[in-house]
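*Asks:* Below: sequence and its predicted model.
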Amino acid sequence: MENVLEIRNLKKSFDGNGVLDGISLSVREGEVIVVVGPSGCGKSTLLRCVNGLEQPDGGEILLDGKPISAGNLVEVRRQIGMVFQSYDLFPHMDVLENLSLGPVKALKRPKAQVEEEARQALRRVGLEDKLHALPRQLSGGQKQRVALVRAMMMHPRMLLLDEITAALDPEMVREVLNVVLDLARDGMTMLIVTHEMRFAEAVADRVLFLENGNIVEEGKPADFFHHPTTERARQFLDTFEFTSVKKP
Amino acid sequence: MRDLAVLFKGNNLQRLLGGLGVTLELSLVSVALSVALGLLAGVLMTLKNPVIRAAMRLWLETVRIVPQLVLLFLVYFGMAKAFNLQLSGEAAAVIVFTFWGAGEMGDLVRGAITSIPVHQRESSAALGLTRGQTWRYVLLPQAARRLIPQAINLATRMIKTTSLVMLIGVVEVLKVGSQIIDAARYDAPQGAVWVYGAVFFLYFFACWPISLAAGWLEKRWA
Ligand SMILES: Nc1ncnc2c1ncn2[C@@H]1O[C@H](COP(=O)(O)OP(=O)(O)OP(=O)(O)O)[C@@H](O)[C@H]1O
Ligand SMILES: [Mg+2]
């Protein structure tokens, strides 16, 4: 199958501190890749380089075989959806306006058609009654579902999700991840950063373990989560485990 | 109570309203210039250039520290002495109030722009909107919502402060009031209460609707 995204030897440093140290990675159509790793290892930076929110220092990123450059950045962003950790809906617009802005202004699609599509998309994530709600009237989980729909309204080639549940209360994580699981089932190509290991195992075709700007381990979720081959990955996964402190 | 008549004697009421007209005219011109220059100044204040930053800082500190009355005297009497340039009281007032208002307005604009989280710009960019579209649909509407109520409050402060111009010879509403009181010193010794009371209401009804509008907008856009 075709590679939707191809990253070749990507390098990025901030003020002389190397953050990405030559990352290479390809994402095939319909593939879901989950990136995990300790805080500060460069996961967000990797995603932000892909849609040009950070300027790489070296290497190449290709979308559908075409290199991403300063010249085609706006065009590329229209084809790559991104959702961030912080709820980033536009607070002065209601849900419908949030969903329509990109398709109508960036893609110049007819407003009536876009709004009809927005209505249907909201129904699919269980928010049809929130069409005219303002973001501040929504819970965190509802906001993130709207943010996912907003990204999907652009009909992107792929989605970048950066810890989209990290700021949510535990009981809201599920409703957001269910939407992502649905997207995966529908064959959406995704590059996902998350700290939800059970979710990662369920959704991923491949897991990448990133540390110090390098891909230290890569594998199928069943292998990575249950039989990691590197010591570092094992230590990292152990930080998510608890053993009982109560005597039997 | 008898002295209330002083308000309606001759053309006193018309003169008071005329004085209010001068007050509002000075305010309006100064506010309009302050808004226009303040928008520009605010954008300059967000720049990182150290020279521009320092200059803007100095300007803002000056208008905040030096009393407006001192600035008025400086421009009205000081210019005449130093450069042999005799400005009219009105011109001096507009210069000083604009110097003050534009600085304060600039700071409000700067605050409104920088208060918008970086993520707003980034999520707009991530949707494939151009820089121009991002400003137009995402950043400026949010900045305006924050700015407009604060700018209105600044405008009411400027209207009130214009009363200082009577001290450089401009006959505005408060000056007319004291002229009327002086003229009626013997016929109506209690006239001051009524006249200043009338001035109070004139200011109140000029500024109150503006304040209400600011409060309403603030609530609506909170
Ligand atoms: N704009 C920036 N300027 C300077 N340093 C930065 C910038 N953005 C990120 N960094 C640094 O780069 C490193 C990697 O950051 P990044 O946000 O990519 O990590 P992360 O893996 O996403 O971490 P987390 O799990 O905490 O989100 C960190 O050390 C961070 O301090
Ligand atoms: Mg991160």
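*Replies:* That came in fine, so what should we check first? Ligands and ions are numbered 1, 2, ... in the order given.
*Asks:* give me the element residue B:155 is part of.
*Replies:* helix B:140-161 (DSSP states H and E).
*Asks:* residues of that helix that come out buried?
*Replies:* B:142-143, B:145-156, B:158-159, B:161 (16 or more other CB atoms under 10 Å in any protein chain shown). C-beta here means a position set from N, CA and C on the backbone, and glycine is covered the same way.
*Asks:* Check stretch B:181-189 too.
*Replies:* B:181, B:184, B:188.
*Asks:* residues in contact with the residue with the shortest distance to the centre of chain A?
*Replies:* Note on chain A: the residue nearest the mean C-alpha position is residue A:161, at 1.2 Å, using CA atoms, centre = their mean. Contact partners of residue A:161, counting by CB atoms under 8 Å, 6 or more residues apart in numbering or on different chains, are A:82-83, A:180, A:190-194.
*Asks:* Make TSV from these and add neighbour count to it.
*Replies:* What follows is the contacts of residue A:161, written out as TSV (neighbours: other CB atoms under 10 Å in any protein chain shown):
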residue	neighbour count
A:82	26
A:83	24
A:180	26
A:190	23
A:191	25
A:192	26
A:193	23
A:194	22
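*Asks:* okay, those in TSV with pLDDT next?
*Replies:* Converted to TSV, the contacts of residue A:161 look like this (pLDDT from 0 to 100):
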residue	pLDDT
A:82	96
A:83	96
A:180	95
A:190	97
A:191	97
A:192	96
A:193	96
A:194	94
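*Asks:* of all those residues, which comes closest to ligand 1?
*Replies:* The closest of these to ligand 1 turns out to be residue A:193 (CB to the nearest ligand atom; 6.6 Å).
*Asks:* Next, find the distance separating that closest one from residue B:96.
*Replies:* With distances taken as CB to CB, to the nearest Å, residue A:193 is found 56 Å from residue B:96.
*Asks:* List the residues that contact residue 122.
*Replies:* You didn't say which chain, so I picked chain A. Residues in contact with residue A:122 (CB under 8 Å, 6+ apart) are A:95, A:99, A:128, A:130-131, A:146, A:149.
*Asks:* My question was about chain B, not that one.
*Replies:* Here residue B:122 is in contact with A:53, A:84, A:88 (criterion: CB under 8 Å, 6+ apart).
*Asks:* do residue A:191 as well
*Replies:* Contact partners of residue A:191, counting by CB under 8 Å, 6+ apart, are A:5, A:27, A:33, A:35, A:47, A:50, A:158-161.
*Asks:* which among these are in contact with ligand 1?
*Replies:* Among those, not one lies near ligand 1 by CB under 6 Å from any ligand atom.
*Asks:* Okay, and which of those residues map to helices?
*Replies:* A:47, A:50 (DSSP state H).
*Asks:* For the contacts of residue A:191, which PyMOL command selects only the ones that are buried?
*Replies:* To isolate the buried ones among those in PyMOL, judged by 16+ other CB under 10 Å, type:
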select buried, chain A and resi 5+27+33+35+47+50+158+159+160+161
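*Asks:* I'd like the contacts of residue A:191 as JSON lines, with pLDDT appended.
*Replies:* What follows is the contacts of residue A:191, written out as JSON lines (pLDDT from 0 to 100):
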{"residue": "A:5", "pLDDT": "96"}
{"residue": "A:27", "pLDDT": "96"}
{"residue": "A:33", "pLDDT": "97"}
{"residue": "A:35", "pLDDT": "96"}
{"residue": "A:47", "pLDDT": "96"}
{"residue": "A:50", "pLDDT": "95"}
{"residue": "A:158", "pLDDT": "96"}
{"residue": "A:159", "pLDDT": "97"}
{"residue": "A:160", "pLDDT": "97"}
{"residue": "A:161", "pLDDT": "96"}
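*Asks:* so where's the chain uncertain?
*Replies:* By default, I'm working from chain A. Scanning chain A for pLDDT under 70 picks out A:1.
*Asks:* Chain B is the one I meant
*Replies:* Using pLDDT under 70, chain B drops low at B:1, B:222.
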